[in-house]
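**Q** Here you go, sequence then predicted model.
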There are 2 protein chains.
Amino acid sequence: MPRRIKKTVPGRKPAVRPSSQQVENLRRLRRDRAVETAQDYVEAIADLTTTLGEARVVDLARRLGVTHVTVNRTLARLQRAGYVNTKPYRAIFLTPAGSTLAEECRQRHQTVVSFLRSLGVADKIAEMDAEGIEHHVSPETLAAFERQLGKR
Amino acid sequence: MPRRIKKTVPGRKPAVRPSSQQVENLRRLRRDRAVETAQDYVEAIADLTTTLGEARVVDLARRLGVTHVTVNRTLARLQRAGYVNTKPYRAIFLTPAGSTLAEECRQRHQTVVSFLRSLGVADKIAEMDAEGIEHHVSPETLAAFERQLGKR
DNA sequence: AATGAAATGTAGCCTAGGTTACAAATTAAA
DNA sequence: TTTAATTTGTAACCTAGGCTACATTTCATT
């Protein structure tokens, strides 16, 4: 049985349709995973700061549904990335960069939820799907959502 | 400086609005990450089998934009999960479960892309966003997309 | 001021997914 | 049949994000 259907020139790449575009899409997707977490955290920190006056590790853990250990390690990474300021045994604060990111996320989340609801998706489900979708909506698509919302 | 704004009864949880709903959303989101990868792989395997006659590790690696090592390890996991059949140095085949999953993904992907384009999003961007969004679209939302598409 | 519960931190282990470097198998072609 | 390129496999390492178990710090309440 032939190993492969087509012939190949020795020493040459078979040029199996690398389809750079799609490859890049998937690469971008994986790269974005780290950013998603950052967004979820800064959003939660901003929210907790507003509603409770300050954001503590336990609160974040409850809010995100993980243990305080995970929160701790992630906060260290976010601090390295310049999104938060933390001191041992103290409340967590967003840096200006963190605040900006949080606000962007909040608005985008709101737009996605509103858009889904405008299509007749139930509130609970709209909220649920938005949580996942919001991280993958490009500015262009977000604009399209807003345009559509304006039409009603 | 007070550790926390509100008083607490010793030994009692402060009931910081666990908001089980949102916690569950986020938990579900993380759980789904493993499934996403499976979906990307079976989709790619199905596609390669159609276009090339068989799916090989190198092709998958090129298609997914990762090294063959990553593909190998992931395939082992997918085999454990019952989605693919592999033998050393041989082509990769989908199990019935894998084929079903692939077909579902293909259709859903197509719906999401069509929907985005119907909103005026450019083809390239629609394709790009769909790659990320499709994994987070519930059946209800997918139905809403299809309903909307039918209206045109 | 002492104390005990809650909060925070740390050590160590797990899976998933990514990598490079190197070894072994396969197969097209000389 | 031999050979050499390609493909596949394996070892070892990295980050991210989960976890449990245990140690330490804070602070509200005696």
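**A** Now that the structure is in, tell me what you want to look at.
**Q** Can I get stretch A:40-48 in CSV, CA atoms only?
**A** C-alpha atoms of stretch A:40-48 as CSV (Å, rounded to 0.1, in the frame of the first residue of the first chain):
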residue,chain,number,x,y,z
ASP,A,40,-11.7,37.1,33.4
TYR,A,41,-9.5,38.1,36.4
VAL,A,42,-9.4,41.8,35.8
GLU,A,43,-13.2,41.8,35.1
ALA,A,44,-13.8,40.0,38.4
ILE,A,45,-11.4,42.2,40.3
ALA,A,46,-13.1,45.4,39.0
ASP,A,47,-16.5,44.0,39.8
LEU,A,48,-15.5,43.0,43.3
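**Q** just checking, A:Ala97 touches A:Gln79?
**A** No. When contacts are counted by CB atoms under 8 Å, A:Ala97 is not listed as touching A:Gln79 (11.4 Å). Yep, even glycine has a C-beta here, placed from its N, CA and C like the rest.
**Q** Contact partners for A:Ile133?
**A** A:112, A:116, B:133, B:136-137 (CB atoms under 8 Å, 6 or more residues apart in numbering or on different chains).
**Q** Apologies, that question was intended for A:Leu78.
**A** A:38, A:41-42, A:84, A:98.
**Q** now with 7 Å?
**A** A:38, A:41, A:84 (CB atoms under 7 Å, 6 or more residues apart in numbering or on different chains).
**Q** how close does the second one sit to DNA strand C?
**A** The reference is to A:Tyr41. Separation of A:Tyr41 from DNA strand C (CB to the nearest atom of the strand, to the nearest Å) stands at 13 Å.
**Q** Give the burial count for the closest residue to A:Val112 other than its chain neighbours, as a bare number.
**A** Leaving aside its sequence neighbours, A:Val112 sits nearest to A:Ala130 (CB to CB, 6 or more residues apart in numbering or on different chains; 4.3 Å). Close neighbours of A:Ala130, defined as other CB atoms under 10 Å in any protein chain shown, add up to 25.
**Q** Also A:Leu101?
**A** 20.
**Q** How about the secondary structure of the spatially most central residue of chain A?
**A** The centroid of chain A falls nearest to A:Glu36 when counting by CA atoms, centre = their mean (2.6 Å). Following DSSP: H, G, I helix; E, B strand; the rest coil, the label given to A:Glu36 is helix.
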